[in-house]
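In: The following comprises the amino acid sequence and a computationally predicted model.
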Amino acid sequence: MGDGVSKLAGLDRIFKESIDRGDMPGVVAVVGGKQGTLYQGAFGRRDIGKPDPMTPDTVVWIASMTKAITTVAIMQLVEQGRLDLDAPASRYAPAIGEAGVLEGFDEAGSPRLRAPKQAVTVRQLLTHTSGFGYDFASSAIRQYLKATGTPSTSSGKKASLSVPLLFDPGEAFAYGISTDWAGQIVEAISGQDLQAYFAEHILEPLGMTDTMFVLGPDQHARRATVHAIKEDASLVATDMVVQQQPEFFGGGGGLYSTAGDYLAFLTMLLNDGTGNGRRILAAETVAAMAVDQIPHLAMPEMKLGSPTGIRHTNFWPGMSQGWGLGFLINRETSPEGRPAGSLAWGGFANTLYWIDRENGIAGILLAQVVPFFDPKVIALFKAFETEVYRSL
């Protein structure tokens, strides 16, 4: 059940009603301020077919919520003078320089590639303006994988990174494997794999003991099942677990975590880079991450296929949205009350968060339903956020 500041007691009802309607099997939500947790609640079950309840310490696949942690790792290396955001990314990960721009396919179905007009920079990896896309969001990349036998992003194979660019670097925004490449750069510069680097420089200092790529027995025992949506909009339990013996750790989406762990990470960003009594980033670095990096562009919606039809992944249709170093930025005050310039993102199994640095508030909602942008989860997230701003 929920606990925390009595002002937010109304959240319990919102979550309970959603679970009672069968919107999702289970959900965990937390709200934090600069001083710590203001609300936490866990509702429903970890698996639709089993009695185990969702608990605040339930372990979930956070998918693209990994991206913010990888971005913090990159910015630590920038602070140390070991990395230049505006240098060619191939300086640190030479294979990035091998990617051509995909112009189409010839009559035989073979891809037609050309050299990019300029080199991909590290900054472009963090802002998704590199030209790299995702197979699940691009039919051209899916066609490329099929034509060349390249493995998909979810395979955990290093060869999955060897895909072409969809456009010349800097010319557009495409959500994709850019942050996986950023993770490869962290490994190349630090000499550590991503699990070891994260643990030493981010996770252990912040006390994030349940955040990891490869689950331990304790985390496995508390893991929520990922549920898939069916054509009739009902949910079915899957056996989906992120590849536990990957060839590389996916800086774009490989982590598992808990609500409490991730709130510790977001609280560090609310507190200008300090958390758990440890400085993770300089205050000016956190401020730089919150600056809209693509003022001349807007974050386009992805059209994701689902058994119930196309999903248009747009939190606020008609509102211009930008991107910082690692985060979605709303350029206007949202209908829920989130101030312009706030930071946010989520993960493929419908895990979602926002960071409001102006008011010193962060919120997290964790479901385990695929694919992303489930209408019922998004509606719950908006109701959750609206109630937070109404109450506080």
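Out: That came through fine. Residues are numbered from 1 along each chain as shown.

In: Please, which helix or strand holds Phe43?
Out: Secondary-structure assignment from DSSP states H and E places Phe43 in strand 36-44.

In: Contacts for that strand next, please.
Out: 1-5, 7-8, 11-12, 15-16, 18-19, 24-32, 53-56, 58, 259-260, 263, 267, 361, 388, 392 (Cβ atoms under 8 Å, 6 or more residues apart in numbering). Yep, even glycine has a C-beta here, placed from its N, CA and C like the rest.

In: quick one: pLDDT of the residue nearest to Thr121 when sequence neighbours are not counted?
Out: Nearest non-adjacent residue to Thr121, counting by Cβ to Cβ, 6 or more residues apart in numbering: Asp86, 5.3 Å away. If you check Asp86, the pLDDT there is 98.

In: what's around Asp86, how many residues?
Out: Neighbour count for Asp86, taken as other Cβ atoms under 10 Å: 8.

In: So it, which state does it fall into?
Out: With DSSP: H, G, I helix; E, B strand; the rest coil as the basis, Asp86 sits in coil.

In: quick one, what contacts it?
Out: So Asp86 contacts Thr121, Val122, Arg123 (Cβ under 8 Å, 6+ apart).

In: The last one and Ile185: what is the separation?
Out: Which is Arg123. Distance of Arg123 to Ile185, given as Cβ to Cβ, to the nearest Å: 12 Å.

In: out of those two, which sits in the more crowded spot?
Out: Ile185 (23 against 19).

In: Mind telling me what element that one is part of?
Out: Counting by DSSP H and E, Ile185 is part of helix 178-190.

In: can you give me how far that helix is from the chain middle?
Out: 16 Å (Cα atoms, centre = their mean, to the nearest Å).

In: Give the other helices and strands that that helix contacts.
Out: helix 66-79, helix 122-127, helix 194-198 (3 or more Cβ pairs under 8 Å, 6 or more residues apart in numbering; DSSP states H and E).

In: Not counting its own residues, what contacts the next helix or strand after the longest one?
Out: If I follow you right, that is helix 66-79. Beyond helix 66-79 on the C-terminal side, the first helix or strand identified by DSSP H and E is strand 101-105. Contact with strand 101-105 is made by 111-116, 131, 140-141, 143-144, 147, 164-168, as judged by Cβ under 8 Å, 6+ apart.

In: Which ones among the residues you listed map onto strands?
Out: Among these, the members falling in strands (DSSP state E) are Pro111, Arg112, Leu113, Arg114.

In: Just the buried ones from these?
Out: Those of these that meet the buried threshold are Pro111, by 16 or more other Cβ atoms under 10 Å.

In: What is the nearest of the ones in strands among the contacts of strand 101-105 to Gly191?
Out: Leu113 (32.1 Å; Cβ to Cβ).

In: Could you give the backbone dihedrals for the nearest residue to the closest one once chain neighbours are set aside?
Out: Once flanking residues are discounted, Leu113 sits nearest to Gly100: 3.4 Å by Cβ to Cβ, 6+ apart. Backbone geometry at Gly100, expressed as degrees, to the nearest 10, gives phi -90, psi 170.

In: In contact with Gly100, which residues?
Out: With contact taken as Cβ under 8 Å, 6+ apart, Gly100 is in contact with Leu113, Arg114, Ala115, Pro116, Pro164, Leu165.

In: Now do the helices in the chain.
Out: 10-21, 66-79, 122-127, 139-148, 178-190, 194-198, 204-206, 217-221, 259-270, 283-289, 375-391 (DSSP state H).

In: any chance of those helices in JSON lines, plus distance to Leu235?
Out: Formatted as JSON lines, these follow (distance: least, Cβ to Cβ, whole Å):
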{"stretch": "helix 10-21", "distance to Leu235": "12"}
{"stretch": "helix 66-79", "distance to Leu235": "24"}
{"stretch": "helix 122-127", "distance to Leu235": "34"}
{"stretch": "helix 139-148", "distance to Leu235": "25"}
{"stretch": "helix 178-190", "distance to Leu235": "28"}
{"stretch": "helix 194-198", "distance to Leu235": "31"}
{"stretch": "helix 204-206", "distance to Leu235": "33"}
{"stretch": "helix 217-221", "distance to Leu235": "22"}
{"stretch": "helix 259-270", "distance to Leu235": "21"}
{"stretch": "helix 283-289", "distance to Leu235": "35"}
{"stretch": "helix 375-391", "distance to Leu235": "10"}
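
In: Just say which of the ones you listed is most tucked in.
Out: Among the helices of the chain, helix 122-127 has the highest mean neighbour count (mean count of other Cβ atoms under 10 Å), at a mean of 25.

In: what sits up against that one?
Out: 71, 74, 83-87, 89, 92, 130-132, 169-170, 173, 178-179, 181-182, 185, 293-294, 323-326.

In: let's see 6 Å
Out: Under the criterion Cβ atoms under 6 Å, 6 or more residues apart in numbering, residues 71, 85-86, 89, 130, 169-170, 178, 181-182, 293-294, 323, 325-326 lie in contact with helix 122-127.

In: Kindly export that helix (C-alpha atoms) in PDB.
Out: In PDB, the C-alpha atoms belonging to helix 122-127 read as follows (Å, rounded to 0.1, in the frame of the first residue of the first chain):
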ATOM      1  CA  VAL A 122      29.500  12.100 -29.000                       C
ATOM      2  CA  ARG A 123      27.000  14.900 -28.400                       C
ATOM      3  CA  GLN A 124      24.900  13.700 -31.300                       C
ATOM      4  CA  LEU A 125      24.800  10.200 -29.700                       C
ATOM      5  CA  LEU A 126      23.300  11.800 -26.600                       C
ATOM      6  CA  THR A 127      20.800  13.800 -28.500                       C
END
